[in-house]
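Visitor: Kindly generate the corresponding structure for this input.
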Amino acid sequence: MRRDFKRDEILTAMFAAIHSTAYGWLMLAGIFTSIIFWSRLARRDERLVLIYVAALVSAFLGAKIVYLASEGWLHWHDANRWVILATGKSITGALLGGYIGVEIAKRLLKYYGVTGDWFAVIMPIGVMLGRIGCFINGCCLGRVCEPSWFTLNDVNGVARWPAVPVEFLFNALMLGVILLFRWGRIAPGQLFHIYLMAYGVFRFFHEFMRDTPQILGPISGYQIASLAVALLGLAGFLNRRSPAQRLAAAN
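Guide: Below is the predicted model of the structure:
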């Protein structure tokens, strides 16, 4: 019995390591993909390298802050709290942090060009890769549902709403829309704002189908962050409609 117990422990640790490694490699793949896209843009101006670094650092910081505020603090008494707190992150937080970081960097560097249309292509790809990692890792689960053709079973065999595949499909759809807009030169300079508004609204309502802690009545911390993402996108969209901003976008 003791030997079987040790064997189960070893197998569990092996599977956890495989899942963690796969998740980490997918995260690196997302970063590498963004570097490839951004390197083409950075040839125009050296300041764009610093803007990319600001986006990356602030996105990681925002992802951590929103996770800790939304649910990380609930795991403080967990035996594995340091592992949970170190690995937890939020896509909505990454969007908020990344956007704010880019705007601050552009002001400090006195860069007045438009960078959002490239981020509008990079972000859906990054989110899709991240959600593949979530699927492999078995995290970001949907709510428990009656078994049906669309439900997915978790590690315990419980039928759940397919939250991760739904978000993956949404971002795949948004990537297609953004590429069509770029090809047709529709709303130049506004594509990232459009993505932020669309993702924020989608995530707010989809959150009702996700199994996440509610901190304000029926509302989760991620829903508050999603509204902030949508409002930030709307504010940027309206601001970009000014004649000066439209001229910068066109150039």
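
Visitor: Just the strands from the protein, written as ranges.
Guide: 152-153, 159-160, 214-216, 219-220 (DSSP state E).

Visitor: for the second one, packing partners?
Guide: Right, the one you point to is strand 159-160. strand 152-153 (3 or more CB pairs under 8 Å, 6 or more residues apart in numbering; DSSP states H and E). Yep, even glycine has a C-beta here, placed from its N, CA and C like the rest.

Visitor: for the stretch 1-150 of the chain, which spans come out with low pLDDT?
Guide: Applying pLDDT under 70 to the stretch 1-150 of the chain flags the ranges 1-44, 81-87.

Visitor: Return the set of buried residues in stretch 205-220.
Guide: Judged by neighbour count using 16 or more other CB atoms under 10 Å, the buried positions of stretch 205-220 are His206, Glu207, Arg210, Thr212, Ile215, Ser220.

Visitor: I'd like these laid out as a markdown table, including pLDDT and distance to Tyr99.
Guide: What follows is the buried residues of stretch 205-220, written out as a markdown table (pLDDT from 0 to 100; distance: CB to CB, whole Å):
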| residue | pLDDT | distance to Tyr99 |
| --- | --- | --- |
| His206 | 96 | 20 |
| Glu207 | 94 | 20 |
| Arg210 | 94 | 22 |
| Thr212 | 90 | 22 |
| Ile215 | 85 | 23 |
| Ser220 | 92 | 21 |
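
Visitor: contact partners of stretch 186-199?
Guide: Contact partners of stretch 186-199, identified using CB atoms under 8 Å, 6 or more residues apart in numbering, comprise 95, 99, 114, 116-117, 119-121, 123-124, 170-171, 174, 178, 180-182, 226, 229-230, 232-234, 236-237, 240, 245-246, 248-250.
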